[in-house]
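**Q** curious how this folds, go ahead:
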Amino acid sequence: MTTSSSERGVSLGMPELPAPAYPDDVRARLEADAREIIARYPDSRSALLPLLHLVQSEEGHVTRTGMQFCADVLQLTTAEVTAVATFYTMYRRRPSGDYQVGVCTNTLCAVMGGDAIFEQLQEYLGIGNGETTDDGKITLEHIECNAACDFAPVVMVNWEFFDNQTVQSAKRLVDDLRIGHTVSPTRGAPLCTFKETARILAGFPDERDGAVEASGSAGPASLVGLRLARGETAPARVVHPRDGGPHDEPQDRAVHEPSPAEHQSSHDAPQDTSASDPAHPAGPTAEEGE
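**A** Residues are numbered from 1 along each chain as shown. Got it, this is the predicted structure:
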């Protein structure tokens with residue numbers, strides 16, 4: 001004897017209705033923007049990522065209507081569009097706030113205070129990860145590394161940097177955003193709303209006066225690291241012995257700069273072995289395991 005799906009506790013449900021279409025004027029405007037984006041690529045489907053930012057700029061998140069629009073103009077299936085929209089975290093799948101406040105909780109930011117900032121902001125705002133305040137201003141989330149470890153802990157608002165944050169400075173930041181005060185990132189362009197940010201990410205110019213010039217470059221800490229990476233090392237420092245204390249030595253004494261061939265640690269210095277010391281030849285080195 002067979003049993004029905006209802007008897008087995010399986011609900012087949014109703015098929016999802018097609019996504020509603022954009023109003024005619026909105027669709028005409030988005031189609032004009034989409035044509036401009038698609039023209040940048042030799043293969044139209046390569047335009048999918050910026051097109052998802054475009055539809056996100058319309059409603060503040062990527063809706064089913066937006067994904068259907070992308071599928072239509074690129075001649076893709078909605079499954080193909082959905083697979084991309086659900087893969088990247090920059091695309092929001094539900095309504096979100098004017099300001100996306102992301103707290104880095106990767107290792108360095110976490111130990112420098114990121115975990116405490118995120119925990120306190122959740123309590124202060126009364127929302128959890130990925131949730132939005134009742135006034136629609138703030139969406140809070142913990143985010144992965146922002147490649148700004150030299151400024152840890154880092155908070156980002158609509159992808160602009162707020163460096164070297166504390167619990168108190170982060171609370172002041174969200175307060176200012178909610179009441180409409182002008183807030184300036186530590187570095188980078190002036191803040192704009194999440195919808196405006198999404199349009200810029202779609203590839204359209206930031207037309208605000210002075211915004212592009214204000215975007216600047218890397219911060220001082222990053223530039224120091226860059227100079228070190230290029231071999232533009234800082235002056236050598238004299239380090240006093242641990243068992244001593246400051247020695248009465250002239251401060252302008254010459255400091256020996258080790259050459260690249262010299263080892264500064266006995267742990268990695270070459271050792272005289274039967275294989276490496278010409279004074280003690282031992283023939284071919286035995287193979288590993290013999």
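**Q** buried residues of the longest helix seen in the chain, list them for me.
**A** Taking DSSP state H as the criterion, the chain has its longest helix at helix 24-38. Buried residues in helix 24-38, counting neighbours by 16 or more other C-beta atoms under 10 Å, are found at 27, 30, 33-34, 37-38. (Glycine included, C-beta is placed from N, CA and C.)
**Q** could you pull out the strands for this structure?
**A** Listed in chain order, the strands found in the chain under DSSP state E are 99-104, 138-143, 155-157, 160-162.
**Q** re earlier: where's the longest helix of the chain relative to the chain centroid, distance-wise?
**A** Per C-alpha atoms, centre = their mean, to the nearest Å, the displacement of helix 24-38 from the mean C-alpha position of its chain is 29 Å.
**Q** what's that helix packed up against?
**A** helix 48-59, helix 64-74 (3 or more C-beta pairs under 8 Å, 6 or more residues apart in numbering; DSSP states H and E).
**Q** return the residues in contact with V183.
**A** 157, 173, 176-177, 191 (C-beta atoms under 8 Å, 6 or more residues apart in numbering).
**Q** go again with 10 Å.
**A** Counting by C-beta atoms under 10 Å, 6 or more residues apart in numbering, V183 touches 99, 157, 160, 162, 172-177, 190-191.
**Q** from those, which single one is nearest A147?
**A** Set against A147, the nearest of these by C-beta to C-beta is E160 (13.9 Å).
**Q** tally up the residues packed near the residue nearest to the closest one when sequence neighbours are not counted, please.
**A** Leaving aside its chain neighbours, E160 sits nearest to P185 (4.0 Å; criterion: C-beta to C-beta, 6 or more residues apart in numbering). By other C-beta atoms under 10 Å, the residues close to P185 number 20.
**Q** ok, G188 next?
**A** Neighbour tally, G188, other C-beta under 10 Å: 18.
**Q** end-to-end on stretch 183-196?
**A** This stretch, stretch 183-196, spans 16 Å end to end (C-alpha to C-alpha, to the nearest Å).
**Q** list the buried residues for it?
**A** By neighbour count on 16+ other C-beta under 10 Å, the buried set for stretch 183-196 is 183, 185, 187-196.
**Q** what distance separates that stretch from the centre of its chain?
**A** Centre-to-centre, stretch 183-196 and its host chain are 15 Å apart (C-alpha atoms, centre = their mean).
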